[in-house]
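Visitor: Give the three-dimensional model of this entry:
(chains A and B)
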Amino acid sequence: MALAKQVRKANPTPEKPSLIRELVEIADYIAHMRREIAALRANELTRDRLPMAHEELGSVVAATAGATNSIMNAAEEILGLPDDGNYRAAVEERMNDIFEACTFQDITGQRISKVVEALRQLETRLSRFANAVKARDEGGLDPGEVERQVRKELLMLNGPQINGPAVAQDEIDALFA
Amino acid sequence: MALDLGMPILVVDDYQTMVRIIRNLLKQLGFEEVDDASDGTAALARLKNRKYGLVISDWNMEPMTGYELLRHVRADEALRTTPFIMVTAESKTENVIAAKKAGVNNYIVKPFNAATLKSKIEAVCGA
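Guide: Numbers count the residues shown, from 1 in each chain, chains lettered A, B, ... in the order given. Prediction:
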């Protein structure tokens, strides 16, 4: 590192070697930190990757909402069809609308893959940085997070379970029998 | 006792597609008088203005959840006897037990089908 070399050159036999050695170590550490921060490429993440992920997920939400709407429209139209000689042809027409709406999954799958890749990159870089600076997480939560946690626990907002319902409908029915 | 198909029903869910699904299922069952609200606060406002024969509510909504709505309804002298069915993805035992203690009449876990909804409405309103 340039600063460390300059110090060694200017003072090859220092009167206080331990102080100089500490300063050199600090300079080396700062240089190391600068390299690790550069490797994080934070500007690229905030300028390109995170906005891209945000935009792609927004498009996924819009596409799924649009497809759901199209499918619901077709289903409602089928329910309202008159029971006459054109019934089958009319149902087939709506069924084709449903098939068309279902093509959203191919596109949203590709969009989600891009987001997953961006998150993987972010995870890799943050993990490398955390290791490099020997980062430790600060204890506790920020006030906003504490408030969310308290509300979640108080109102039992557990959300859907990963592997399906925690309690089956039959068991719930038994409680209300 | 037969179901009163003319009774107004209030569907409370912040997800418009779910409101639409429940509306369609109710329509198939013969119920035509269906209103909706997007959370507990909006639902309470509707409940103060119209007498409903049944409330079908989601649990997880902002700002007022279905669980809070249930407790408000049961604490209100004018509303406390309104039949209330929870339709939710919250399927932990603690949720079901808390809702039962708070006075819910029945509890349906999402996803559900028309037959389940029908049997619960019959159990709550048809007896």
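Visitor: residue contacts, the residue most central in space within chain A?
Guide: In chain A, the C-alpha nearest the mean C-alpha coordinate belongs to residue A:119, at 5.9 Å (C-alpha atoms, centre = their mean). For residue A:119, the contact set (C-beta atoms under 8 Å, 6 or more residues apart in numbering or on different chains) comprises residue A:53. Yep, even glycine has a C-beta here, placed from its N, CA and C like the rest.
Visitor: With residue A:158 instead?
Guide: By C-beta under 8 Å, 6+ apart, the neighbours of residue A:158 are B:90, B:92, B:94-95.
Visitor: Equivalent analysis for residue A:45, please.
Guide: Residue A:45 touches A:121-122, A:125, counting by C-beta under 8 Å, 6+ apart.
Visitor: from those residues, which is closest to chain B?
Guide: The closest of the contacts of residue A:45 to chain B turns out to be residue A:122 (C-beta to the nearest C-beta; 27.9 Å).
Visitor: buried ones in the helix or strand where residue A:130 lies?
Guide: In this assignment (DSSP states H and E), residue A:130 forms part of helix A:104-132. Buried residues in helix A:104-132, counted by 16 or more other C-beta atoms under 10 Å in any protein chain shown: A:104, A:108, A:111, A:115, A:118, A:125, A:129.
Visitor: Could you list which of those residues also contact chain B?
Guide: With C-beta under 8 Å from any C-beta of the partner chain as the criterion, the buried residues of helix A:104-132 include none near chain B.
Visitor: Looking at those residues, spot the one nearest chain B.
Guide: residue A:104 (14.1 Å).
Visitor: Could you dump the contacts of residue A:158 into JSON lines with distance to chain A added?
Guide: Formatted as JSON lines, the contacts of residue A:158 follow (distance: C-beta to the nearest C-beta, whole Å):
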{"residue": "B:90", "distance to chain A": "6"}
{"residue": "B:92", "distance to chain A": "5"}
{"residue": "B:94", "distance to chain A": "6"}
{"residue": "B:95", "distance to chain A": "5"}
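Visitor: Same list (those residues) but as JSON lines, adding neighbour count, secondary structure and pLDDT.
Guide: Shown next, in JSON lines, are those (neighbours: other C-beta atoms under 10 Å in any protein chain shown; DSSP: H, G, I helix; E, B strand; the rest coil; pLDDT from 0 to 100):
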{"residue": "B:90", "neighbour count": "29", "secondary structure": "coil", "pLDDT": "90"}
{"residue": "B:92", "neighbour count": "15", "secondary structure": "coil", "pLDDT": "90"}
{"residue": "B:94", "neighbour count": "12", "secondary structure": "helix", "pLDDT": "92"}
{"residue": "B:95", "neighbour count": "25", "secondary structure": "helix", "pLDDT": "94"}
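Visitor: Identify the farthest-apart pair in the residues you listed.
Guide: Farthest apart among those by C-beta to C-beta are B:90 and B:94. That separation is 9.1 Å.
Visitor: Name the residues contacting each of the two.
Guide: With C-beta under 8 Å, 6+ apart as the test, residue B:90 and residue B:94 both reach A:156, A:158.
Visitor: Leaving out the residues flanking it, which one is nearest to the residue of chain A found nearest chain B?
Guide: Distance from chain B to each residue of chain A (C-beta to the nearest C-beta) is smallest for residue A:165, at 3.6 Å. Closest residue in space to residue A:165, ignoring its immediate chain neighbours: residue B:91 at 3.6 Å, by C-beta to C-beta, 6 or more residues apart in numbering or on different chains.
Visitor: my guess is that neighbour contacts residue A:171, does it?
Guide: No - here residue B:91 does not reach residue A:171: they are 9.7 Å apart, not a contact under C-beta atoms under 8 Å.
Visitor: Looking only at neighbour counts, state which of those two leads.
Guide: Neighbours were counted for residue B:91 and for residue A:171 using other C-beta atoms under 10 Å in any protein chain shown; residue B:91 has more, 23 against 14.
Visitor: show me the contacts for that one.
Guide: So residue B:91 contacts A:160-161, A:165-167, B:109 (C-beta under 8 Å, 6+ apart).
Visitor: Get me the contact residues on chain B for chain A.
Guide: B:17, B:20-21, B:24, B:28, B:59-60, B:65, B:67-68, B:89-98, B:100, B:105-110, B:112, B:116, B:123.
Visitor: give me that answer again for 7 Å
Guide: Residues of chain B found near chain A (C-beta under 7 Å from any C-beta of the partner chain) are B:17, B:20, B:24, B:60, B:65, B:67-68, B:89-96, B:98, B:100, B:106-107, B:109, B:116.
Visitor: For chain A, give me the ranges with low pLDDT.
Guide: Low-confidence segments of chain A (pLDDT under 70): A:1-15.
Visitor: So which bits of it are right by chain B?
Guide: A:68, A:72, A:76, A:155-161, A:165-167, A:169, A:172, A:175-176.
Visitor: Let's see the ChimeraX selection covering just the buried ones among these.
Guide: Restricted to buried positions by 16+ other C-beta under 10 Å, the ChimeraX selection for these reads:
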select /A:68,72,155,156,157,158,160,165,166,167,172
